[in-house]
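A.B. asks: with the sequence up front, the predicted model follows.
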Amino acid sequence: MPATAPSSPPSFELLPGAEESPVILHVPHSAREIPPAVRAGIVLDDPALERELDHITDAHTAELAAVAAGLSGVTPWRFVNRLSQLVVDPERFPDEREEMLAVGMGAVYTRTTHREVLRPDGTDPEPLVERYFRPYARAMTEAVAGRLAATGRAVVVDVHSYPATALPYELHGEGPRPPVCLGTDAFHTPGELAEAARKAFAECGETGLDSPFGGTYVPLEFYGTDPRVTALMVEIRRDTYMTEPGGPAGPGLDRLAAALAALVDTVPA
């Protein structure tokens, strides 16, 4: 038989949980993988790219979500990006609504965390948006629709991390940087969900709201229109569980995973 080319790894993965669980742990920024064809459009040399990945990647958050899912009484679903956000950032608005365009970090980044050139000026984002962003958005929309069909609601918990010291790309880096930052949305984050997260993470240190990062992810099909979809972003300061930048995880990861599992188990009905 003729040889066949190896299939490329999936750019994202939906890991099933319990059918009765409305919760999706969304992990969009944990990976470092960049396909060769995408790497060709990035101007950084290999050492500089590795340093940028150290700064931008929410390291170990996929592992954190996996441990939390295993500890939860009712297993949540997990939607995990398997490619770096330097390919596309699936959480950005794909148009002028995205405030991070001001620093070259829309759906397709053209600048680094230190505001240096990542892709040449004039780079057309559309091929990457079509190849990676839109399929991801469709799949996440379907995942949320699946939870709505099965349970009548969907609860998206965004799992992120952020550096202890602000990086130049941050638009709101001058604010507080608590051990756990909860990102909220006026429409999709009910007060009881944020309060449940405060209680769940109480033993991990102070929690704050929407600083240094605010908002949370909801697929555009439901955004601002469907109250059955609730959402919360959990941003964990990296020095609480790992060596920065880009180093190994430490014992703090297990404590945070237990807290995330407690949140999953106390999601308001």
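C.D. replies: In hand now; what should we look at?
A.B. asks: what about the strands in this structure?
C.D. replies: Per DSSP state E, the chain carries strands over the ranges 12-15, 23-27, 77-81, 154-162, 180-183, 207-209, 229-237.
A.B. asks: the second one to strand 229-237, inter-axis angle?
C.D. replies: Right, strand 23-27. Using axes from the mean of the first three to the mean of the last three C-alpha atoms, to 10 degrees, one finds that strand 23-27 and strand 229-237 are set 40 degrees apart in direction.
A.B. asks: if we can go back for a sec, G215 is nearest to which of the strands of the chain?
C.D. replies: Go through these one by one with C-beta to C-beta and the one that ends up closest to G215 is strand 180-183, at 5.2 Å. (C-beta placed from N, C-alpha, C; glycine too.)
A.B. asks: how far away is the closest residue to V80 other than its chain neighbours from E130?
C.D. replies: Using C-beta to C-beta, 6 or more residues apart in numbering and skipping the chain neighbours, the partner closest in space to V80 is V27 (4.5 Å). When distance is defined by C-beta to C-beta, to the nearest Å, V27 is 23 Å away from E130.
A.B. asks: which of these two has more neighbours?
C.D. replies: Neighbours per residue, other C-beta atoms under 10 Å: of V27 and E130, the larger number sits with V27, 26 against 11.
A.B. asks: how near is that one to R115?
C.D. replies: Using C-beta to C-beta, one gets 26 Å for the distance from V27 to R115.
A.B. asks: my read: I34 touches R82, true?
C.D. replies: No: counting by C-beta atoms under 8 Å, I34 stays clear of R82, with 11.1 Å between them.
A.B. asks: neighbour count: the two, which is higher?
C.D. replies: Neighbours around I34 and R82, counted as other C-beta under 10 Å, are more numerous at I34. The numbers are 18 against 15.
A.B. asks: residue contacts, that one?
C.D. replies: Each residue near I34 by C-beta atoms under 8 Å, 6 or more residues apart in numbering is listed here: 42, 49, 83-84, 86-87.
A.B. asks: how about Q85?
C.D. replies: Residues counted as contacts of Q85 (C-beta under 8 Å, 6+ apart) are 28-29, 56-57, 109.
A.B. asks: go with 6 Å
C.D. replies: H29 (C-beta atoms under 6 Å, 6 or more residues apart in numbering).
A.B. asks: where does it land on pLDDT?
C.D. replies: pLDDT, Q85: 98.
A.B. asks: same check on A197?
C.D. replies: Among the per-residue scores, A197 shows a pLDDT of 97.
A.B. asks: from V159, how far off is it?
C.D. replies: With distances defined as C-beta to C-beta, the gap from A197 to V159 amounts to 12 Å.
A.B. asks: just T266 next, same as before
C.D. replies: 16 Å.
A.B. asks: repeat for N81
C.D. replies: The span separating N81 from V159 equals 11 Å under the rule C-beta to C-beta.
A.B. asks: so which of these two has more stuff around it?
C.D. replies: Neighbours per residue (other C-beta under 10 Å) separate N81 from V159, with N81 holding more: 27 against 24.
A.B. asks: how many neighbours does T230 have?
C.D. replies: Burial measure for T230: 24 neighbouring residues, criterion other C-beta under 10 Å.
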